[in-house]
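Asks: Below: sequence and its predicted model.
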Amino acid sequence: MPVDVWTESLRVRGHEVTPRGVVALPALCTYLPDVAGRHATALGVSMRSLRAENKAWILSHLHLTIDRLPRWEDEVAVETWPSGLDGLRATREFVLSVEDTEVARATSAWLVFDTERRRPARLPKAVHDLDPPDRPPVLPHEWDDVPLPQRTDHTQTFEARYSDLDLNRHVNSARLLEWVLAPLPAEHLDTRVCAELHLQFRAEATLGDTVRAAVQVDASDEERRVRHALHRADDEQVLIAAETRWVPHTDAP
């Protein structure tokens, strides 16, 4: 089945922005699966159709680079398309633009998750039958393990509540990303902007889990590179490993 590039426009809402007036990174990242989900529905591989077979789409890797964060009330055009298969992974690209200027792009890898056995499953035939657009990946497809922090500079602990859960009864990806970033000091968040995010989801968190977030911050004159990890407290299982790169904020507060 030939696949076209899917495009939607989203407006940055007031509750999605930081005190600097730019979209918060977790909010920006929610745009991607939301738009991808609607494209998947149009392609006949929706979350709803998978749920009928006790399956679900889950995000495995996300690599995002940002030139400029959209601001409050900006209209963001999100282009997305499936870009191929890699073993059990289905890959998908994203390009985000404001006023016809590209401001960010992302590549991602997705798995089909068996919600009864709680493990990855084979991609359905309908996914194999898709014929992606003839467009190159926007970033290299690199799905190796993201390295973990070697020391802990800042840490914070959370408990998974019912309101954190999604349809699959595990903590949703937006909440997990909030937890990943939470240990960073306010000074860092107010003076720096994320220019790159590489996120790997390794395991799920479920209701009642205690989750510990830790970060390692390495600074230079121009940028800061941060390694992040989420661990489940009771067994030290790594839930997420991430790397971010931060540059000085250029937008006025």
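Replies: Arrived safely, thanks for sending.
Asks: which SS state does V180 fall under?
Replies: Secondary structure for V180, judged by DSSP: H, G, I helix; E, B strand; the rest coil, is helix.
Asks: could you measure the residue nearest to it when sequence neighbours are not counted against T18, distance?
Replies: In this structure, V180 finds its nearest non-sequential neighbour in H228, 4.8 Å apart by C-beta to C-beta, 6 or more residues apart in numbering. Heads up, the C-betas are built off the backbone N, CA and C, glycines and all. Distance from H228 to T18, counting by C-beta to C-beta, to the nearest Å: 18 Å.
Asks: out of those two, which sits in the busier spot?
Replies: Using other C-beta atoms under 10 Å, the more surrounded residue of H228 and T18 is H228, with 27 against 18.
Asks: which residues sit against the helix or strand that the more buried one is a member of?
Replies: Applying DSSP states H and E as the criterion places H228 in strand 224-232. Counting contacts by C-beta atoms under 8 Å, 6 or more residues apart in numbering, the residues outside strand 224-232 that touch it are 147-150, 176, 179-181, 184, 188, 192, 203, 205, 209-218, 237-246.
Asks: Could you do stretch 136-146 as well?
Replies: Stretch 136-146 is contacted from outside by 60-61, 63, 65, 83, 86, 89, 91, 93-95, 105-107, 109, 198-200, 241-243, using C-beta under 8 Å, 6+ apart.
Asks: And for stretch 169-181?
Replies: Contacts of stretch 169-181 (C-beta under 8 Å, 6+ apart): 25-27, 29-30, 33, 59, 115, 156, 158, 160, 164-166, 189, 199, 201, 204-207, 209, 211, 213, 228, 230, 239-240, 242, 244.
Asks: how far is that stretch from where the chain is centred?
Replies: Mean C-alpha position of stretch 169-181 versus that of the full chain (C-alpha atoms, centre = their mean, to the nearest Å) differs by 9 Å.
Asks: biggest strand in this protein, by residue count?
Replies: The longest strand of the chain (DSSP state E) is strand 101-114.
Asks: The strand holding H228 pairs with which strands?
Replies: Next to strand 224-232 in the sheet, as set by DSSP bridges, lie strand 210-219 (antiparallel), strand 238-248 (antiparallel).
Asks: May I see the ones you listed organised as TSV, with distance to S49, mean neighbour count and mean pLDDT added?
Replies: Below are the strands paired with strand 224-232 laid out as TSV (distance: least, C-beta to C-beta, whole Å; neighbours: other C-beta atoms under 10 Å; pLDDT from 0 to 100):
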stretch	distance to S49	mean neighbour count	mean pLDDT
strand 210-219	31	18	96
strand 238-248	27	19	97
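Asks: closest to R71 out of those strands?
Replies: Closest approach to R71 among these is made by strand 238-248 (16.8 Å; C-beta to C-beta).
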